[in-house]
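Participant: What follows is a predicted structure for the sequence shown.
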Amino acid sequence: MSEDLLRYDLMIEAALRDVVRETMETAARDGLPGDHHFYITFLTNFPGVKIPDYLRKQYPEEMTIVLQYQFYDLKLEDDCIHVTLSFNNIREHLVVPIDAITTFADPSVNFALQFQNAGEVGAYNEKEESSVANNEEKGKDAPTEKPEPRGEVISLDKFRKK
């Protein structure tokens, strides 16, 4: 029996990122119903993020975009959100990997997700796929690294109406 710890924190984050994926797919296909709108905060230096250089200079670590009234060409492709937004009346195309997102909120329904492990979820999914492939090749359990035990709480309080 393996003594490896189950990474519930990463499993939960992967499942919650699926909520963001499904939401983006629905919004891209059907538009935003009612008063729904999204605040998406992401790491600007995350691999795969594509934003204009002037925005990266202005937001060297994290940036929040709002998808409400003036956004164009929204689509989800290769686990990345593609969207065109207007900055000072200039349309710019942005690419944001789902794993780069640190916060996703829809204030119209008082809903928010805050991610603690940006980037680790993708590594978790790749590790699981690699482990399964190795096990199938070898026909036995592959050794895995022991992650450090962690306990994290996902706080939604800052997005709740008071």
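Facilitator: Perfect, I can see it now.
Participant: ok, residue 8 - how many residues close by?
Facilitator: 11 (other Cβ atoms under 10 Å). (C-beta placed from N, C-alpha, C; glycine too.)
Participant: how much space between it and residue 19?
Facilitator: 17 Å (Cβ to Cβ, to the nearest Å).
Participant: okay, now residue 84: neighbour count?
Facilitator: 13.
Participant: okay but it is in contact with residue 93, surely?
Facilitator: Yes. If you go by Cβ atoms under 8 Å, residue 84 and residue 93 touch, sitting 5.0 Å apart.
Participant: Find the residues that touch each one of these two.
Facilitator: In terms of Cβ atoms under 8 Å, 6 or more residues apart in numbering, residue 84 and residue 93 are both contacted by the residues residue 73.
Participant: same for the helix or strand where residue 94 lies, what does it pack against?
Facilitator: Per DSSP states H and E: residue 94 is located in strand 90-97. Under the contact definition 3 or more Cβ pairs under 8 Å, 6 or more residues apart in numbering; DSSP states H and E, strand 90-97 sits against strand 80-87.
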